[in-house]
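# below: sequence and its predicted model.
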Amino acid sequence: MFAPSMSQSTDLDLVNVTKQFGAHAAVNDVTFSVARGEFFSILGPSGCGKTTLMRMIAGFENPTSGDIRIRDKSMIGVPANRRPVNMVFQSLALFPMMSVGENVAYGLTCRGVGRAEADERAARMLERVGLKGFGERRVTALSGGQRQRVAIARCLVLEPTLVLLDEPLGALDLKLREHMKIELKQLQGTFNTTFAYITHDQSEALVMSDRIAVMNQGRFEQVGSPRELYHNPMTPFVASFVGETNRWAGEGVSSGSDAASIRLASGTVVQGTGATSPKSALGFVRPEAIALAQSAESLGALPNRFEGRVSAVLFDGANSSLLVETSGFDQPVRAVLPQAGPLAGIEVGAPIHVGWTADAMKVFAA
């Protein structure tokens, strides 16, 4: 479930890796593989174990049990400086007393590469990351995005099998972070180097990754493509953590191979797909799956149709949304607001009808 297809070569394989700190398992029996040239992200909240996992891959921590293999060679007992791995930290860890070129060439000179060759290779790498002619500049004179590219160049110039990235965009402002998501993905594709990226920011993971592992309490909840995780979550945690969603809890009143219904505390019944428990169930619906209309008839034959009133209009450019207070629901229904059409100018207090298909609501046993 967590591995590439058998036809793919892998650069990284973890087999039953566990890391104990006393009685606490920070990483609990994790197994996965990363294909050669893949952009693989580990996504999860603070404290879920993703940084500990990354540190074990890098060689800064030893697993309590299990095996870590890079290009089919076990890394157990191999020190960090002997692994074919480089790491980009959130702080970037550039040397402020050195020039840009000296920063990029530093790892080469540490490996005994002659000064002239190291400088030449560093200059070529800077050109490849879009920083031609920047070699003599001080890193303190660069923008945040330029420093990010220097950190990447310093890693890639050593031609590592695997690049580890520990939330490297976390210190950037929002606009630069959005820009760097695209740049990082393009750089990774240009070099065809395997990237393993950890983040708590689901937008970063969804935009850049070929596959994502969602981590929670030391374990992987689900591994898949961004589209798979978003549209077909396998657990309630993945459904709630990845992307915006409406979440409702209630009593599972029916179930079948592909049908399920939930009775909310108010007695309202909503229909979805999945498995339910006779005692309790959770239902999740994405805001963009909610249909909006000015009359019930306009919603056609949708099995879930409810009348409500707009309680808030959340304008955010292309991502604006409505909150709709609806009888029978203990919290507002969140829906995407079209930027054109009859509802574009809707105001707080206006009556409105909401609806969604059974397929749009994923139901899980609570």
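Noted; the coordinates are in hand. Residues are numbered from 1 along each chain as shown.

# from now on I want contacts and neighbour counts done on CA atoms only, so please keep to that.
Noted.

# can you map out the helices along the stretch 51-200 of the chain?
For the stretch 51-200 of the chain, the helices defined by DSSP state H, counting those that start in this stretch occupy 100-110, 115-128, 144-156, 174-191.

# could you dump the ones you listed to TSV with mean pLDDT?
Below are the helices of the stretch 51-200 of the chain laid out as TSV (pLDDT from 0 to 100):
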stretch	mean pLDDT
helix 100-110	91
helix 115-128	91
helix 144-156	85
helix 174-191	82
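
# may I see those helices organised as JSON lines, with mean neighbour count and distance to residue 359 added?
Listed next are the helices of the stretch 51-200 of the chain as JSON lines, based on neighbours: other Cα atoms under 10 Å; distance: least, Cα to Cα, whole Å:
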{"stretch": "helix 100-110", "mean neighbour count": "22", "distance to residue 359": "51"}
{"stretch": "helix 115-128", "mean neighbour count": "18", "distance to residue 359": "46"}
{"stretch": "helix 144-156", "mean neighbour count": "22", "distance to residue 359": "42"}
{"stretch": "helix 174-191", "mean neighbour count": "15", "distance to residue 359": "32"}
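
# so which of those is nearest residue 134?
helix 100-110 (6.6 Å; Cα to Cα).

# determine how far that closest one lies from the middle of the whole chain.
Here helix 100-110 shows a centroid-to-chain-centroid distance of 31 Å under the convention Cα atoms, centre = their mean, to the nearest Å.

# and the angle for the least confident helix or strand in the chain by mean pLDDT with helix 115-128?
Across the helices and strands of the chain, mean confidence by mean pLDDT, DSSP states H and E is lowest for helix 174-191: a mean of 82. Here the directions of helix 174-191 and helix 115-128 differ by 120 degrees (axes from the mean of the first three to the mean of the last three Cα atoms, to 10 degrees).

# name the residues that touch helix 174-191?
Helix 174-191 is contacted from outside by 37, 39, 129, 144-145, 169-170, 194-195, 204, 207-209, using Cα atoms under 8 Å, 6 or more residues apart in numbering.

# that one: how far from the chain's middle?
14 Å.

# how big is the angle separating it from helix 144-156?
Using the same axes, to 10 degrees: helix 174-191 against helix 144-156 is 30 degrees.

# need the contact list for residue 361.
Contacts for residue 361 (Cα under 8 Å, 6+ apart) come out as 271-273, 283-286.

# now the helices of the stretch 51-200 of the chain in JSON lines, with distance to residue 13?
Below are these laid out as JSON lines (distance: least, Cα to Cα, whole Å):
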{"stretch": "helix 100-110", "distance to residue 13": "26"}
{"stretch": "helix 115-128", "distance to residue 13": "28"}
{"stretch": "helix 144-156", "distance to residue 13": "21"}
{"stretch": "helix 174-191", "distance to residue 13": "20"}
